[in-house]
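Student: Test case, fold it:
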Amino acid sequence: MFSFQPGRSERVFCDSAQPTQLSSSTLCTRTFGYNTVDVVPAYEHYANSKGVGDPRKGRPSLADLHSILKVTGGLSIASRDSCLKSILTCLPLVPQPDPSRLRTPVSDLQHSNGLPEAGPEAGLEEAEGEPGRDSEPEPVRFGWVKGVMVSIRCMLNIWGVILYLRLPWITAQAGIALTWLIILMSVTVTTITGLSISAISTNGKVKSGGTYFLISRSLGPELGGSIGLIFAFANAVAVAMHTVGFAETVRDLLQEHNSLIVDPTNDIRIIGVITVTVLLGISLAGMEWEAKILFFLVILVSFINYLVGTVIPATAEKQAKGFFSYRADIFVQNFVPNWRGPEGSFFGLFSIFFPSATGILAGANISGDLKDPAVAIPKGTLMAIFWTTMSYLVLSATIGACVVRDASGSLNDSVAVGSPGCEGLACSFGWNFTACAQQQSCRYGLSNYYQVLMSMVSGFGPLITAGIFGATLSSALACLVSAPKVFQCLCKDQLYPLIGFFGKGYGRNSEPIRGYMLTYVIAVGFILIAELNAIAPIISNFFLCSYALINFSCFHASITNSPGWRPSFRYYSKWAALFGAAVSVVIMFLLTWWAALIAFGIVIFLLGYVLYKKPDVNWGSSMQASSYNMALNYSVGLSEVDEHIKNYRPQCLVLTGPPNFRPALVDFVGTFTKNLSLMLCGNVLIGPRKQKMPESRLMADGHTKWLMKRKIKAFYTDVVAEDLRSGVQMLIQAAGLGKMRPNILVLGYKRNWRTASPESLEDYVGILQYGHTGSSTSWGHWHLLVASLTAAVTCSGSSWAESAPSINSLSSLLPATEQQASTIFQSKQGKKTIDIYWLFDDGGLTLLIPYLLGRKKRWGKCKIRVFVGGQINRMDEERKAIVSLLSKFRLGFHEVHILPDINQKPRPEHIKRFDELIAPFRLNDGFKDEAAVNEMRQGCPWKISDEEVDKNRSLRQVRLNEILRDYSRDAALIAITPPIGRKGRCPSSLYMAWLETLSQDLRPPIILTRGNQENVLTFYCQ
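Tutor: Next up, the predicted model:
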């Protein structure tokens, strides 16, 4: 047998003793010496996305692996169809041939191996697996040199307008020492950010979208979306900044030759608009790459030209303008600061310089155009930072060692060395610039001639001008390309309205033409400002905000300890990332505090919008990992906390079945547990486990989404059981985690108990008894709450409660996304009443639930009334005692009513109605002894003996119903303590008759609340 790799697997047909080896694709796998449907690890099994026309690839399902293996001619029947379907998906152990060559051999291979013809399904799969038409051409991808370090992406964007037009002036103002500090501070932030970007970009496959993609997939759509908009806008404004720098240079050249078009300011506007229009044309024509190569070469030549010029002995004309080649005295004088003008401050200069370091994201912003972003972004970004930093340091040191700060430019100012009346460093070199320095009228020198100073120092001036053109235009071009790419990705994610129009792509690279036009409009708007020093600080704050979030993304992903955080780039530190984020925020406020506040205001506004809209995206962000960490730590920590009655919370297990079947029950419990305590919706799937488990997996997500859509803060869980009672017992025993366990069993009232099967009636009452006495928590036995919400649900004018299934059929295959029913618990109740009938002291739960309900806005105007039983001759004393007790509980219940007539005999017609209610369930035993009754009731435990009727307790329920109808007919809600059925002395039908009688002919919703006889209220402070 041919073996491609010993001990691994082969692609073979399974129907012969000597299988035939197919070059790369076969019908099934022979792994480790035997035939199996199982497959060995492969890249295709983990790939999230597929290219156009790629065949589908995947591992077999668990059902395939567990199916019975019946071999027919060497091929298992269970796996034959899946093998046929996966002819194009087998693991490629040798290079795969072209898909078009795999289509024909399928039927031939079937015939040659004795296999039947593949059915229509297999043919369909085959057709899906192959490109049926010519696929779109593959987009053009850049490697790491070409795409990032590029001396073309990051380096060209970093070497911008500041390098030539502002760095000499910053050196004159701050001195060489502080200029280096400004450069190193900027580089510290950008280097830490570069390390963070490298870590994030190597933690998985990076797609298009650049900085926005990295932040949004790391921190989530909330922060990612806001920073995406800000960063795209900052890049658009940066286009204007670099274009204005270019226009200033052209304007100065025109001014030297007295050829201004209009005036200095409007000339910048005219030249800037024309320039950005030409750059837009270059970008749309796809000539960006060629233009950048040219710009890069020009910048290199101009820089070399400048360095050569510094060592060439200065001519008299250059000396008159302040250039004396390398002199130690000049270096010493320029080493210290000499602040001048309104912008002469450290942070003022820092804000102007910092945008020159922001080009580090140029490569990341075109991540979708890189062949291997995980390799390209770290290498290119860090190398670009290093080389550009060196160039900035060299330039500031050399220019500061060669040129004095003030010079007149007049050849007549040459004097003999040591001439009297001459002040300043230039005197020692034979030049007297004292007059213009004192009058601050010098036109030349490091502090005054900075815009064309490098041209004067260089060996050949026009090359410096060409370098300025190359640096400014290349940076403008990089930003002009980056902004639409980032914005396009943001548009495709649909986090914000009204921007999807700009996300449409054109051509094989999906170029965002509309995004280009929007960037062009923004750039033109800022070009009209025509002042470089005014535009630069605006950009600084936006870029710093981006850097802060990038660093925070890296830090946050690191501290969550998520197993998914596995960057292949190891040279980063979470604490350095946190430091970088903090420094970025501090610098924002030190630069321009009002601009920092505006930037944060925009971020918070956009963040709030996304939080409010809750987009349906799941990117596995570190925020999700952090939420899990926090939940886990708090849940474990809660287990160490001893419970106290003051911290009691009603944590409810609600037997809803599918939650969308009982919306009133869900809304009612959700109202008083929201932001307060645990709510768990339980569902029992009755039937064989094999049949019901797929249904459980299928419906769980749908029910959870239904709850979220209804804004109910609850969990959903289900169990598969043979019958309802055992399923509920499983839920009661297993629900919750640690101290986060339910302590109240909530279920709806079984309205159809008279017509339901006796077995279901026994199950229902058995659930009530088990939930109340047969289970326990750290608080003791569970509390019980039965809700009769017959008129609480309306949907299109009809009562949903009438059509909802009974509790013994708690499973359903109806989709959870069906129409949302409206209930009274979703609307404001107005000035109605919540009536509490606190007939028996159960620990206070009957009082606590209405109190929590009354704290909600929709129920806030309702007046809460408390009714208690009493004697007619002691009404005042008993009322004062209850009012005093309630005041100690601080519940705010002030209206208390004593019911002196609670022990009166009910009306005869109501007694007769009760007798008719239980008549079908009577045993009519004639008060026989217990043994005879048990024999008569054998097989019918729900039957009521004459002795069990217990006229006194039954008549009490009839009388209570009369009182409820007299006092609470128009109440918004009635809460009452239900009776307790004694074990062995209260058949299920009798107990249900009591509950039915209590709630009969009442319009308001009724909750029957019975505590576990343990206190849930206290008036002590400890």
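Student: Quick check: closest non-adjacent residue to R922.
Tutor: Excluding the flanking residues, the one nearest R922 by C-beta to C-beta, 6 or more residues apart in numbering is I944, at 5.4 Å. Where C-beta positions appear, they are placed from N, C-alpha and C, glycine not excepted.
Student: Find me the pLDDT at that neighbour, would you?
Tutor: Note on I944: pLDDT of 83.
Student: tell me the contacts of it?
Tutor: Each residue near I944 by C-beta atoms under 8 Å, 6 or more residues apart in numbering is listed here: I918, F921, R922, L923, P987, S989, L990.
Student: what number of residues lie near the last one?
Tutor: So that's L990. L990: 24 surrounding residues under other C-beta atoms under 10 Å.
Student: Likewise for the fifth one?
Tutor: Residues lying near P987 (other C-beta under 10 Å) number 24.
Student: of the contacts of I944, closest to S302?
Tutor: S989 (99.6 Å; C-beta to C-beta).
Student: right, and L923 touches N934 too?
Tutor: No. Using C-beta atoms under 8 Å, L923 is not in contact with N934, being 10.4 Å away.
Student: between those two, which one's more packed in?
Tutor: The neighbour comparison of L923 against N934 (other C-beta under 10 Å) goes to L923, with 19 against 12.
Student: And the more buried one, how close does it get to R937?
Tutor: 6 Å (C-beta to C-beta, to the nearest Å).
Student: Could you pull out the residues contacting both of those two?
Tutor: In contact with both L923 and R937: K943, S945, using C-beta under 8 Å, 6+ apart.
Student: from the contacts of I944, which ones fall inside helices?
Tutor: Cross-referencing the contacts of I944 against helices under DSSP state H gives I918, S989, L990.
Student: If I look at I522, what pLDDT would I see?
Tutor: 92.
Student: what's the closest non-adjacent residue to it?
Tutor: Spatial nearest neighbour of I522, excluding adjacent residues (C-beta to C-beta, 6+ apart): A236 at 4.0 Å.
Student: what does R689 give?
Tutor: R689's closest residue in space is V720 (C-beta to C-beta, 6+ apart), at 5.1 Å.
Student: which element is the one you found on?
Tutor: strand 715-721 (DSSP states H and E).
Student: Can you give the contact residues for that strand?
Tutor: Applying C-beta under 8 Å, 6+ apart, the contact partners of strand 715-721 are 659, 678-687, 689, 692-693, 696, 699-700, 703-704, 707, 727, 730-731, 734-735, 811.
Student: In JSON lines: the ones in helices among the contacts of I944, plus pLDDT.
Tutor: Shown next, in JSON lines, are these (pLDDT from 0 to 100):
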{"residue": "I918", "pLDDT": "89"}
{"residue": "S989", "pLDDT": "89"}
{"residue": "L990", "pLDDT": "90"}
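Student: of those, closest to L280?
Tutor: Taking C-beta to C-beta as the measure, S989 is the one of those closest to L280, at 83.8 Å.
Student: hang on, the closest one packs against K943?
Tutor: Yes. With contact defined as C-beta under 8 Å, S989 reaches K943; the gap is 7.3 Å.
Student: what sits in contact with each of these two?
Tutor: F921.
Student: quick one on the thing from earlier: the residue nearest to R689: neighbouring residues, count only.
Tutor: Per other C-beta under 10 Å, the neighbour tally for V720 reads 20.
Student: before we move on, what about the one 4 residues further on?
Tutor: Each residue near L724 was counted by other C-beta under 10 Å, and the total is 24.
Student: For it, give its distance to L665.
Tutor: As defined by C-beta to C-beta, L724 lies at a distance of 16 Å from L665.
Student: Equivalent analysis for H644, please.
Tutor: On the measure of C-beta to C-beta, H644 and L665 end up 30 Å apart.
Student: These two: which is more packed in?
Tutor: L665 (27 against 9).
Student: wait, isn't the more buried one in contact with Y749?
Tutor: No. At 9.7 Å, L665 does not count as touching Y749 under the criterion of C-beta under 8 Å.
Student: What helices and strands are in contact with the helix or strand harbouring the residue nearest to I522?
Tutor: Using DSSP H and E, A236 falls within helix 221-256. Applying 3 or more C-beta pairs under 8 Å, 6 or more residues apart in numbering; DSSP states H and E, one finds that helix 221-256 contacts helix 161-165, helix 210-219, helix 264-284, helix 461-493, helix 513-527, helix 532-559, helix 593-613.
Student: how about that helix: buried residues?
Tutor: Judged by neighbour count using 16 or more other C-beta atoms under 10 Å, the buried positions of helix 221-256 are 221-252.
Student: count of neighbours near the residue lying closest to I192 once chain neighbours are set aside?
Tutor: Nearest non-adjacent residue to I192, counting by C-beta to C-beta, 6+ apart: G580, 3.4 Å away. Neighbourhood size, G580 [other C-beta under 10 Å]: 27.
Student: what are the phi and psi angles of R1010?
Tutor: phi -130, psi 110 (degrees, to the nearest 10).
Student: Would you mind confirming that F840 is in contact with L960?
Tutor: No. Counting by C-beta under 8 Å, F840 does not reach L960; the two are 11.6 Å apart.
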